[in-house]
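Student: have a look; sequence and predicted model below, questions after that.
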Amino acid sequence: MSGAESLGNEGAAGEDVDRTPVPNADVCIVGAGPAGALVADRLAADHEVVVLDAGPRFDPADRLARQERAIRPFYGRPDVWGVGGERDAYENAGERGYPLNHARVKGVGGSTLHWQGMVMRLHEDDFNSGSERGVGTDWPIDYADLRPYYADAERELGVAGASDNPYAPPREEPHPMPAFEPSYSDSLFAEACEELGIDMHSVPNARNSEPYDDRSACVGYGTCQPVCPSGGKYDATVHVERAEGKGATVIDRASVGTLEHDEEDRVTAAVYATPDGEEHRQEADAFVVAAGGVETPRLLLLSASDRHPSGLANSSGHVGEFFMDHLFAGAGGTLDEPTRQNHVGFYTSACDQFYDEADETQAPFKLEFFNYAGPSPVEMALSGEDWGDPLLERLRDGYGNHVAMGGLVEQVPQADSRVALAEDRTDDHGNPVPRIEWTVGDRALDTIERANEIQVAILEELGAEVEWVAGPDATGPAYHHMGTTRMSDDPERGVVDADCRTHDLENCWIASSSVFPTSGAMNPTLTIAALALRVADDVDARLSGA
Amino acid sequence: MELTRRDATAALAAIGATGGVALGVRRTTDAGAGDGADGAVDGAEELPDDEAVRETMAATAAAVYPEAVSGIDAFVGGFLDGRLDGSAHGEGIRAAVAELESTARSWYDAPVADLPVADRDELLRGLGTDTAEEHPHGTTAERVRYYVVNELLLALYASPTGGELVGIENPQGYAGGAESYTRGPP
Ligand SMILES: Cc1cc2nc3c(=O)[nH]c(=O)nc-3n(C[C@H](O)[C@H](O)[C@H](O)COP(=O)(O)OP(=O)(O)OC[C@H]3O[C@@H](n4cnc5c(N)ncnc54)[C@H](O)[C@@H]3O)c2cc1C
Ligand code: SF4
């Protein structure tokens, strides 16, 4: 199917699909993003697994049409994967607006369909922020607990990386694929960084630097975010398909509205609605909620009952609280020489040198050297009042000499930064929509300034004319939703225990960045994947032991 | 710079053509819905065949492409081979071309291909496609911008030759490999 506007009929195509519950299911997983897909894949060989996802199953043949949507000015980012409308309505009520529908995809594969695929491990101190940095709280697990699962997750996702980063936490084996070579613009940055005594190193990508797992190597389409047409970038359809191959059932367009429980505080069923207007109950012995960092707390809140009036798994009162994201810090400008940007859509060099300077007043942060600074000519060409030679001249003026740096900064978890239920706004199934109250404290804002200082110093050393700085006023979220069902050994201080099992319900686990007690400043998905594999082990052990 | 078959194939590979099934083909009579205030003539009755669409598109390309490119007819033809695939998009191109043609006939009494290039430019501007934002279901100007002008610009600038004109041989949308980003300027 060619043409960006030909898309959007996923639903119509799936009308005659069987969406009825699976009898005798052992495990029911809510959400088919990477967290749910990895759990499903791990358990499917030995257990009857069913996965319910609120969004559609996207046709892989449509990816080029989605890429066209990414390039054409008529379409906004959420349009690329059909996010928005009544299904995805939400409210903002915090001091900062949160653009939720730019920050997620609903459907088989979840938000990894749109993601950029940068995958780092958290640092050792990230697990002990309270004791090592004097702010936030400690996780009930350590880096050492997660270390084998990180290695496992890197194999599952297919990570290209190298061991040249002296600031990265210890690892025992090389990455599954060699790192991508540094870019030409990295080589320009390298000279400036050397002058300033700033280290550059490679960065791990969930993207194939060579063919991996029957998936193609990256072929340089350059639209990784929001869509990779080649399959060179990992997305969770990989594990959904693998789980289905082992016998798992994946039901799309099955929006879970509530989880039901019995008098013994066991979850008994996930109640879901299908496009035909029917409501179904999926029963199972174990439940894994993997609906992302916003919908996971929402589902628990929607599942309030007489026995759990403030929401399921919420005896601590913390469901929805401590909502965090990583904050963007960046700067960019132009050089008087070509910089060769926008050939690919990912970056190849980073700097973690300042990360572990973190303390009470300075947050951990990392720096990124972009390969996609400035406009992409083809996008520029489609919006303007010119064509012919004047357009070509405008493109030549606009493209070619840009450089830019990005960075991510941790925010401290705060109870008043939270996801709640809207009071009088409902979605397409009549359920209250999420209300996001996002606040960011001074430590993060001050650290953004610190990151900006380094970025500007590097750019100036490079000889760039600095044209923009995304500082504390212009910062925005990196689309990593964390913290809303935090992990703690203490049932009064957290929603899940160290195994990611809810304190209140013995057969219910949460696989998501929502369990992160603190966020560090590394992109979350490798940690989500590692935790998901660990959840799968725990579910398996308990089911097998039972 | 000569546009080649490789460019047409690359442009198609970039934005997709499968000769696939037509999902929800938009009826051409709906194409003008919400429109009519901008003087466009309704060309819905006589939709051009593929050959005529190719001719109008190539003639328009001569106006919207930079002078430095050659080989336009073969490039546009090759590209449209994939886009006129019975899809809603292909039919959208056909309908927009029909409107452009009927406007040309009523303003200049001649088909687009017979107009001097300067008149083709004037025709597009007269319709307002230069200031219009693309919209697949919008006014005539917005649809011509979407299905004709931007269709052609997208094809050109997502192809290696179009990219090279600007200084990027591996433009966004073109699967030009994962090495070019490591190389310095030629
Ligand atoms: C633009 C962008 C760029 C990103 N880049 C990176 C990056 O470079 N590195 C990185 O680590 N992370 C990145 N991320 C974040 C990454 O995509 C997420 O961390 C990851 O996808 C989370 O996985 P998940 O399985 O927990 O949730 P998701 O992937 O969001 O999947 C959740 C699934 O649950 C389903 N669901 C929700 N509610 C219900 C319900 N009630 N019933 C049934 N199903 C439901 C949804 O439909 C969805 O499919 C990026 C995200 C975006 C948007
Ligand atoms: S650059 Fe590589 S990973 Fe990104 S979209 Fe292209 S093929 Fe996919």
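Tutor: Structure's in. What do you need? Numbering: from 1, shown residues only, chains lettered A, B, ... in the order given. Ligands and ions are numbered 1, 2, ... in the order given.

Student: flag the shaky bits of the chain, pLDDT-wise.
Tutor: Since you didn't name a chain, this refers to chain A. A:1-2, A:6, A:8-15, A:546 (pLDDT under 70).

Student: right idea, wrong chain: chain B
Tutor: In chain B, residues with pLDDT under 70: B:15-45.

Student: next, the contact list for the closest residue to ligand 1 within it, please.
Tutor: In chain B, the residue that lies nearest ligand 1 is B:Q172 (16.1 Å; Cβ to the nearest ligand atom). For every residue, glycine as well, the C-beta is placed using N, CA and C. B:Q172 is in contact with A:71, A:221-223, A:342, A:345, A:376-379, B:158, counting by Cβ atoms under 8 Å, 6 or more residues apart in numbering or on different chains.

Student: kindly report the same for A:H308.
Tutor: A:H308 neighbours (Cβ under 8 Å, 6+ apart): A:261, A:314-315, A:504.

Student: filter those residues to the buried ones?
Tutor: Buried members of the contacts of A:H308, scored by 16 or more other Cβ atoms under 10 Å in any protein chain shown, are A:261, A:314-315, A:504.

Student: which ones among these map onto strands?
Tutor: A:H261 (DSSP state E).

Student: now tabulate the buried ones among the contacts of A:H308 in JSON lines and tack on distance to A:S519.
Tutor: Converted to JSON lines, the buried ones among the contacts of A:H308 look like this (distance: Cβ to Cβ, whole Å):
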{"residue": "A:H261", "distance to A:S519": "30"}
{"residue": "A:N314", "distance to A:S519": "21"}
{"residue": "A:S315", "distance to A:S519": "24"}
{"residue": "A:D504", "distance to A:S519": "24"}
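
Student: ok, so of the buried ones among the contacts of A:H308, who is nearest ligand 2?
Tutor: Taking the buried ones among the contacts of A:H308 together and measuring to ligand 2 by Cβ to the nearest ligand atom, the closest member is A:N314, at 39.6 Å.

Student: hmm, A:L302 and the closest one touching each other?
Tutor: No. A:N314 lies out of contact with A:L302 (Cβ atoms under 8 Å); the separation is 11.2 Å.

Student: pull out the buried residues from the longest helix along chain B.
Tutor: Longest helix of chain B, by residue count under DSSP state H: helix B:88-108. By neighbour count on 16+ other Cβ under 10 Å, the buried set for helix B:88-108 is B:88-104, B:107-108.

Student: run the contact check for the host helix or strand of B:A52 versus chain A.
Tutor: Assigned by DSSP states H and E, B:A52 falls within helix B:50-64. Yes. Judged by Cβ under 8 Å from any Cβ of the partner chain, helix B:50-64 and chain A are in contact via B:63-64.

Student: packing partners of that helix?
Tutor: helix A:388-398, helix B:72-83, helix B:88-108, helix B:117-127, helix B:150-157 (3 or more Cβ pairs under 8 Å, 6 or more residues apart in numbering or on different chains; DSSP states H and E).

Student: helix or strand next in line after the shortest one, which one?
Tutor: Stepping forward along the backbone from helix B:150-157, the first helix or strand reached (DSSP H and E) is helix B:160-166.

Student: which neighbouring elements make contact with that following helix?
Tutor: helix A:377-382, helix A:388-398, helix B:5-15, helix B:150-157.

Student: residues near B:G82, how many?
Tutor: Neighbours of B:G82 under the rule other Cβ atoms under 10 Å in any protein chain shown: 20.

Student: B:H135 too?
Tutor: B:H135: 15 neighbours (other Cβ under 10 Å).

Student: spell out the secondary structure type for the closest residue to it other than its chain neighbours.
Tutor: In space, and not counting its chain neighbours, B:H135 is closest to B:E142: 3.7 Å by Cβ to Cβ, 6 or more residues apart in numbering or on different chains. Under DSSP: H, G, I helix; E, B strand; the rest coil, the three-state class of B:E142 is helix.

Student: can you confirm A:D424 is in a strand?
Tutor: Yes. The assignment for A:D424 by three-state DSSP puts it in a strand.

Student: tell me the SS of the residue in chain B that ligand 2 sits nearest to?
Tutor: Nearest residue of chain B to ligand 2, counting by Cβ to the nearest ligand atom: B:A178, 6.2 Å away. Applying three-state DSSP to B:A178 yields a three-state assignment of coil.

Student: just the closest of the contacts of A:H308 to A:P434, please.
Tutor: A:N314 (15.1 Å; Cβ to Cβ).

Student: for B:G173, what is the enclosing helix or strand?
Tutor: Applying DSSP H and E, one finds B:G173 in no helix or strand.

Student: A:L146 versus the residue of the stretch 101-250 of chain A at minimum distance from ligand 1, what's the distance?
Tutor: Proximity of the stretch 101-250 of chain A to ligand 1 (Cβ to the nearest ligand atom) peaks at A:G110, 2.5 Å away. According to Cβ to Cβ, to the nearest Å, A:G110 and A:L146 sit 21 Å apart.

Student: quick one: which of these two has more around it?
Tutor: Shown here are A:G110 and A:L146; by other Cβ under 10 Å, A:G110 has more neighbours (29 against 23).

Student: what sits against the more buried one?
Tutor: A:31-37, A:53, A:104, A:236, A:292.

Student: so of the residues you listed, which ones are in helices?
Tutor: A:34-37, A:292.

Student: so the nearest residue to A:S303 once chain neighbours are set aside, which of the three states?
Tutor: Excluding the flanking residues, the one nearest A:S303 by Cβ to Cβ, 6+ apart is A:L312, at 4.0 Å. State at A:L312, reduced to three classes by three-state DSSP: coil.

Student: for A:L531, same thing?
Tutor: Looking at A:L531 with three-state DSSP, the answer is helix.

Student: ok, it to A:N314 distance?
Tutor: 20 Å.

Student: what does chain A have sitting close to ligand 1?
Tutor: A:30-36, A:52-55, A:103-104, A:106-107, A:110-112, A:114-119, A:225, A:255-256, A:290-292, A:295, A:299, A:479-480, A:512-513, A:523-525, A:528 (Cβ under 6 Å from any ligand atom).

Student: run the last query once more with 5 Å
Tutor: A:30-31, A:33-35, A:52-55, A:103-104, A:106, A:110-112, A:114-116, A:118, A:255-256, A:291-292, A:295, A:299, A:479, A:512, A:523-525 (Cβ under 5 Å from any ligand atom).

Student: number of nearby residues for A:E449?
Tutor: For A:E449, using other Cβ under 10 Å, the count is 13.

Student: likewise for the one 3 residues further on?
Tutor: Counted with other Cβ under 10 Å, residues neighbouring A:N452 total 21.

Student: on the three-state scheme, it is what?
Tutor: Going by three-state DSSP: A:N452 is helix.

Student: element containing the residue most central in space within chain A?
Tutor: Against the mean C-alpha coordinate of chain A, by Cα atoms, centre = their mean, the closest residue is A:H480 at 5.0 Å. Counting by DSSP H and E, no helix or strand carries A:H480.

Student: quick check: it touching A:H326?
Tutor: Yes. Taking contacts as Cβ under 8 Å, A:H480 lies within contact range of A:H326: 5.2 Å.
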